[in-house]
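Q: Okay, predicted coordinates and the sequence, questions at the end:
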2 protein chains.
Amino acid sequence: MTGYVRTLAERARSAAQAIAALDGEGRLALLNAMADSVEAGSQDILKANAVDMDRAKAAGTTGAMLDRLRLDEQRVAGIVTAIREVAGLPDPVGQVTRSDVRPNGLVVEKVRIPLGLIAMIYEARPNVTADAAALCLRAGNAVLLRGGSEARDSNMAIAACLHRALRDQGLPPEAVSLVEDTAREHVLELLQLSDLIDLAIPRGGEKLIRFVAEHARVPVIKHYKGVCHLYVDKAADPALALRLAIDGKLSRPGVCNALETMLVHADIADEWLPDALAELQARGAEIRGCERTRALFPEAVAATDEDFDAEYLAPILSVRVVDSIDQAIEHIHRFTSDHTEVIVTTDKAAAERFVREIRSSAVMVNASSRFNDGGTLGLGAEIGISTTRLHAYGPMGLESLTIERYVVRGEGQARHEDVPKVEPAASAA
Amino acid sequence: MTGYVRTLAERARSAAQAIAALDGEGRLALLNAMADSVEAGSQDILKANAVDMDRAKAAGTTGAMLDRLRLDEQRVAGIVTAIREVAGLPDPVGQVTRSDVRPNGLVVEKVRIPLGLIAMIYEARPNVTADAAALCLRAGNAVLLRGGSEARDSNMAIAACLHRALRDQGLPPEAVSLVEDTAREHVLELLQLSDLIDLAIPRGGEKLIRFVAEHARVPVIKHYKGVCHLYVDKAADPALALRLAIDGKLSRPGVCNALETMLVHADIADEWLPDALAELQARGAEIRGCERTRALFPEAVAATDEDFDAEYLAPILSVRVVDSIDQAIEHIHRFTSDHTEVIVTTDKAAAERFVREIRSSAVMVNASSRFNDGGTLGLGAEIGISTTRLHAYGPMGLESLTIERYVVRGEGQARHEDVPKVEPAASAA
């Protein structure tokens, strides 16, 4: 079956031209039609989802995995609302990000255009099918979707609704192309298509993302995991520090912007740490600490380097006492996943130093790590969070699905006003 | 010798921290010291270059290749001037590109930071060693340089000067690391170091760039070739069109922003084309045309699809008569290298349509393709031209060597003001 995904991608790429040629109003109308079509097709989507759910249950799937797969009327309504929200976001395409008149009179602009064809590779949640399509098309791109096999029927039903909307708007349905055959070899094929795919975005567990990064010939933007740090400076407001520790670790332990490690300045540790850890423990957190932490809070389990490297996705917090902000920064440089790091301090110089020396995609001063997502930071919606320090870093909104290029307008300017006669080509190459 | 480049890259990455920690003035002082040091070391550089030149001549190298390798006092002075010019460019690091107060009071900024460690892989010209180092360090990065074996002694001598400047400024010389052993296997090793290298930029012939793209696990920004088009619309000013054809094709045929193909609207072809092609031919251009071109200008050689796909790097022009702007756009979509396309027209609607539907890194209206370079477009200097529609598209200046990340400042904001007690972690994972 070699060539199956190539054929899909060629059609999607050709459809991308039609999407790129739409103006902002055309793309707005398309997204609203997509929302209407999903709304109208919700019974079909729920029926298809029931097939996926039965298959998953028969295969022994339970718990969070099954919950991620499940759709109901409310969740389908949520998909419809999400598409309408993306439709309402400011249009990045055509934005002029720089404008300059050069000494020779040329008017030079940098203008945002779509990337082209974006591939999404993702796991269980069927809503990603609609979310990703909405974001990619709003920014003028086509999308090639490869969801998980467990959600195959749901994804096909959602894609059918999106195809109907595209056709109704006189557009090629291949602008949203679903890789229906979910065999692993087709993912491998997809990842080789560097002549057709402008960007691949994997979303899912670390294993999936490493597989994509390992095999990709196409550009990939990814994030492996979020090992987020909270540094409690010696000049921290104690109540504020506790509040951010509780919110960062416990408000939703299973997500990437949750805290994993707390670094505490020795000067504040004696006074602050025992009560703070007792409070965190009373609220359900398991504490794993360095030796100095355990001296102050004997109930803590001994933390290893593996702990400081772990994304627990669980209410476990590793804690280390440090002698200085330097040591905190050093620790973060060693263990960072480039996701989110927080400093709690009333000392402006310490805060600015932390901001300058930490190069993670988000640095927070006296604010919770949990704020690192596209919605909260003002992007409206996000297609992922990048910890790749290229193209986009941090939450990726619509802008991340475009690129700035140059438009130059002149009145006949030439580089050399008096071009000399050249020697003819040596050979008719 | 596996691990040779990894060791170099680890040291360079560690040195990158020291460069990133400098403020703008520190980086300015560093670049001026680099320029001084190259100036002071120019005799050593010329001696080393003589060794390279002798080796190259003994190996039978001649012509343009030998000229690219050659340094003299004037060229070394040019290297020094180039470093000083980069020193004087506006500092991209720390630029705030967005600033926003969220409804919850958080102050969200997007701020430019360095990428980290950049690898340059390049061929003959030794000046790239200094140019690339200057640009990367000005933007707060470290650089790992792998030049061609033919320029090995020159590159080592230039690097020695740069190391002296780094040491004099109290900085680790490894911030500019040269892969001195130029065996091909070390390039392969370099391209695998995705945990250490943030971006690789190949500069040289199409063969080198394809080799890099083929084997890279690290992110690569590249351009293969420039097949630039000039579309002469039916509403073109005839004199202006000829002027841009002459400048585009003949002012410097060997560079990537030179024209390769001219598309001419049928309505203007009868009148304009014969004289224009005669003039181009008289100035030394060889004309290869489609059938309709040859009917109007019988001296033209028959053009094939290979011609329309070729970057001649020579005074050869392929010419096609088209029936409409649609056909011109279609032709460009088929043969574009995403580099530079030009429309000549007095019809504003035609110009805007061309700009909208062509997605190359630079689109010119009534201006020469030869203007697509960093200097002319106002970037000051360029480290390359990207035709990869990701991160940077078109000439890459200092900004392209940085990334925007999020800095969030709060006063203790938490995502959930009232975090419920959680269930303890099921297992001590």
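A: Cool, got the structure. For clarity, every value in this text was computed on a predicted model and none was experimentally measured.
Q: Give me the distance between the two termini of stretch A:56-67.
A: Stretch A:56-67 has an end-to-end distance of 11 Å (Cα to Cα, to the nearest Å).
Q: what does it contact?
A: A:53, A:69, A:124, A:150, A:254 (Cβ atoms under 8 Å, 6 or more residues apart in numbering or on different chains). Placement of C-beta: from N, CA and C, glycine included.
Q: Please report which of those residues has the highest neighbour count.
A: A:A124 (24 neighbours; other Cβ atoms under 10 Å in any protein chain shown).
Q: these two touch, right, that residue and A:L69?
A: Yes - applying Cβ atoms under 8 Å as the test, A:A124 and A:L69 come out as touching, 5.0 Å apart.
Q: Need the overlap of contacts for those two.
A: A:150-151.
Q: residues in contact with the closest residue to A:Y312 other than its chain neighbours?
A: The shortest distance from A:Y312 to any residue other than its chain neighbours is 5.7 Å, reached at A:E260 (Cβ to Cβ, 6 or more residues apart in numbering or on different chains). Counting by Cβ under 8 Å, 6+ apart, A:E260 touches A:226-229, A:310-312, A:316-318.
Q: okay, these in TSV with pLDDT, secondary structure and neighbour count next?
A: Listed next are the contacts of A:E260 as TSV, based on pLDDT from 0 to 100; DSSP: H, G, I helix; E, B strand; the rest coil; neighbours: other Cβ atoms under 10 Å in any protein chain shown:
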residue	pLDDT	secondary structure	neighbour count
A:G226	91	coil	23
A:V227	96	coil	24
A:C228	97	strand	28
A:H229	98	strand	28
A:A310	95	coil	20
A:E311	94	coil	16
A:Y312	93	coil	21
A:I316	97	strand	22
A:L317	98	strand	28
A:S318	98	strand	29
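Q: and which of those is nearest chain B?
A: Distance to chain B across the contacts of A:E260 (Cβ to the nearest Cβ) is lowest for A:I316, with 5.1 Å.
Q: And the residue nearest the centre of chain A?
A: Nearest to the geometric centre of chain A sits A:G384, at 1.3 Å (Cα atoms, centre = their mean).
Q: contacting residues around that one?
A: With Cβ under 8 Å, 6+ apart, A:G384 has these contacts: A:201, A:203, A:221-223, A:395-396.
Q: ok, and which of the residues you listed reach chain B?
A: A:P395 (Cβ under 8 Å from any Cβ of the partner chain).
Q: ok, which pair from the contacts of A:G384 is furthest apart?
A: A:K222 and A:P395 (13.6 Å; Cβ to Cβ).
Q: Compare neighbour counts for the two and give me the winner.
A: A:P395 (24 against 21).
Q: got a list of what the more buried one touches?
A: Contacts of A:P395 by Cβ under 8 Å, 6+ apart are A:372-374, A:377, A:379, A:382, A:384-386, B:406.
Q: ok so it is a strand residue?
A: Yes - the assignment for A:P395 is a strand, going by DSSP: H, G, I helix; E, B strand; the rest coil.
Q: how about the strands in the stretch 51-200 of chain A?
A: A:96-101, A:107-114, A:117-122, A:142-146, A:176-178, A:199-203 (DSSP state E, counting those that start in this stretch).
Q: Please convert those strands to JSON lines, extending it with mean neighbour count, mean pLDDT and distance to B:G60.
A: Rendered in JSON lines, the data for the strands of the stretch 51-200 of chain A read as follows (neighbours: other Cβ atoms under 10 Å in any protein chain shown; pLDDT from 0 to 100; distance: least, Cβ to Cβ, whole Å):
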{"stretch": "strand A:96-101", "mean neighbour count": "12", "mean pLDDT": "95", "distance to B:G60": "47"}
{"stretch": "strand A:107-114", "mean neighbour count": "21", "mean pLDDT": "97", "distance to B:G60": "44"}
{"stretch": "strand A:117-122", "mean neighbour count": "26", "mean pLDDT": "96", "distance to B:G60": "46"}
{"stretch": "strand A:142-146", "mean neighbour count": "27", "mean pLDDT": "98", "distance to B:G60": "49"}
{"stretch": "strand A:176-178", "mean neighbour count": "26", "mean pLDDT": "98", "distance to B:G60": "52"}
{"stretch": "strand A:199-203", "mean neighbour count": "24", "mean pLDDT": "94", "distance to B:G60": "44"}
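Q: can you tell which of those strands is closest to A:V322?
A: Short answer: strand A:199-203, nearest of those by Cβ to Cβ, at 34.1 Å.
Q: What helices and strands are in contact with the closest one?
A: Contact analysis of strand A:199-203 by 3 or more Cβ pairs under 8 Å, 6 or more residues apart in numbering or on different chains; DSSP states H and E lists strand A:117-122, helix A:206-215 as its packing neighbours.
Q: can you pull the contacts of the nearest residue to A:G26 once chain neighbours are set aside?
A: Excluding the flanking residues, the one nearest A:G26 by Cβ to Cβ, 6+ apart is A:Q169, at 7.7 Å. Contact analysis of A:Q169 by Cβ under 8 Å, 6+ apart lists A:26, A:29-30, A:33.
Q: about what we covered before: quick one: closest of the strands of the stretch 51-200 of chain A to B:D275.
A: Closest of those to B:D275 is strand A:107-114, at 30.1 Å (criterion: Cβ to Cβ).
Q: Report the angle between the closest one and strand A:96-101.
A: With axes from the mean of the first three to the mean of the last three Cα atoms, to 10 degrees as the basis, strand A:107-114 and strand A:96-101 are set at 160 degrees to each other.
Q: and strand A:107-114, does that touch chain B?
A: Yes - judged by Cβ under 8 Å from any Cβ, strand A:107-114 and chain B are in contact via A:108, A:113-114.
Q: Quick check: can you name the pairing partners of that strand and their directions?
A: strand A:96-101 (antiparallel), strand A:402-413 (antiparallel) (DSSP bridges).
Q: who touches that strand?
A: For strand A:107-114, using Cβ under 8 Å, 6+ apart, the contacting residues are A:16, A:19-20, A:92-102, A:139-141, A:399, A:401-410, B:359, B:377-378.
Q: Tell me how far that strand lies from the chain's centre.
A: 25 Å (Cα atoms, centre = their mean, to the nearest Å).
Q: A:D181: which of the strands paired with strand A:107-114 is closest?
A: strand A:402-413 (30.5 Å).
Q: Please point out which parts of that closest one sit buried.
A: A:402-410, A:412-413 (16 or more other Cβ atoms under 10 Å in any protein chain shown).
Q: mind saving the C-alpha coords of stretch A:244-262 as PDB?
A: Provided in PDB are the C-alpha atoms of stretch A:244-262 (Å, rounded to 0.1, in the frame of the first residue of the first chain):
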ATOM      1  CA  LEU A 244       0.800  29.100  43.700                       C
ATOM      2  CA  ALA A 245       2.200  25.700  44.900                       C
ATOM      3  CA  ILE A 246      -1.300  24.400  45.700                       C
ATOM      4  CA  ASP A 247      -2.700  25.700  42.400                       C
ATOM      5  CA  GLY A 248       0.200  24.600  40.300                       C
ATOM      6  CA  LYS A 249       0.400  21.100  41.700                       C
ATOM      7  CA  LEU A 250      -3.200  20.200  42.700                       C
ATOM      8  CA  SER A 251      -5.700  22.200  40.600                       C
ATOM      9  CA  ARG A 252      -5.200  19.600  37.800                       C
ATOM     10  CA  PRO A 253      -2.300  17.300  38.300                       C
ATOM     11  CA  GLY A 254      -2.700  15.400  35.000                       C
ATOM     12  CA  VAL A 255      -1.800  18.200  32.600                       C
ATOM     13  CA  CYS A 256       1.400  19.500  31.200                       C
ATOM     14  CA  ASN A 257       1.400  22.900  32.900                       C
ATOM     15  CA  ALA A 258       1.000  21.400  36.400                       C
ATOM     16  CA  LEU A 259       4.000  21.800  38.700                       C
ATOM     17  CA  GLU A 260       6.400  18.800  39.200                       C
ATOM     18  CA  THR A 261       9.200  20.400  41.200                       C
ATOM     19  CA  MET A 262       9.500  23.100  43.900                       C
END
